[in-house]
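Asker: attaching a predicted model along with its sequence, questions to come.
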Amino acid sequence: MGLIRRLRVTQRAMERAMLGVSLRDQIRNVEIRRRTRVTDIAQRVAKLKWQWAGHIVRRKDGRWGPNVLEWQPRTGKRSVGRPPTRWTDDIKRVAGSRWIQAAQNRGTWNSLQKTYVQQWTSNS
């Protein structure tokens, strides 16, 4: 979320530079976005992440990407504290725990994309 915030700040700075507008002009971000008609960077990142996840899961050429997603570590003592979130955790919130099977059907996967982008951008 911190990375997305920094990307959004940078994108707004670039949009202001495109328009030749200063922060001192006190023009709202929605007005700047309306003038430039640029897509929000968080939406673009979420969409690309969703598409990439589906692409990786559907690959059948023997590379290690899909196998890593299903890999289970050896049992042992866990470290103290909350486990770090994985990049698949927010995908599972939208597509469910059987998201790998859902990604095999492109129609189903693409229909879930809009929901994922909306949820992902609202959280960040």
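Answerer: Cool, the structure landed.
Asker: from here on, contacts and neighbour counts on C-alpha atoms
Answerer: Will do.
Asker: and R74, helix, strand or coil?
Answerer: Classification of R74 using DSSP: H, G, I helix; E, B strand; the rest coil returns coil.
Asker: neighbours of it, just the number please.
Answerer: Neighbours of R74 under the rule other Cα atoms under 10 Å: 6.
Asker: now do the one 4 residues further on
Answerer: R78 is flanked by 8 other residues according to other Cα under 10 Å.
Asker: same check, this time on E31
Answerer: Neighbour tally, E31, other Cα under 10 Å: 10.
Asker: quick check, central residue of the chain?
Answerer: Taking Cα atoms, centre = their mean, the centroid of the chain lies closest to A46, which sits 2.7 Å from it.
Asker: need the pLDDT of that one.
Answerer: pLDDT, A46: 90.
Asker: Three-state assignment for the residue nearest to it when sequence neighbours are not counted, please.
Answerer: Leaving aside its chain neighbours, A46 sits nearest to V117 (5.4 Å; criterion: Cα to Cα, 6 or more residues apart in numbering). State at V117, reduced to three classes by three-state DSSP: helix.
Asker: pretty sure V117 contacts L48?
Answerer: No - assessed by Cα atoms under 8 Å, V117 is found out of contact with L48, at 9.5 Å.
Asker: these two: which is more packed in?
Answerer: Set V117 next to L48 and count neighbours by other Cα under 10 Å: V117 wins out with 20 against 14.
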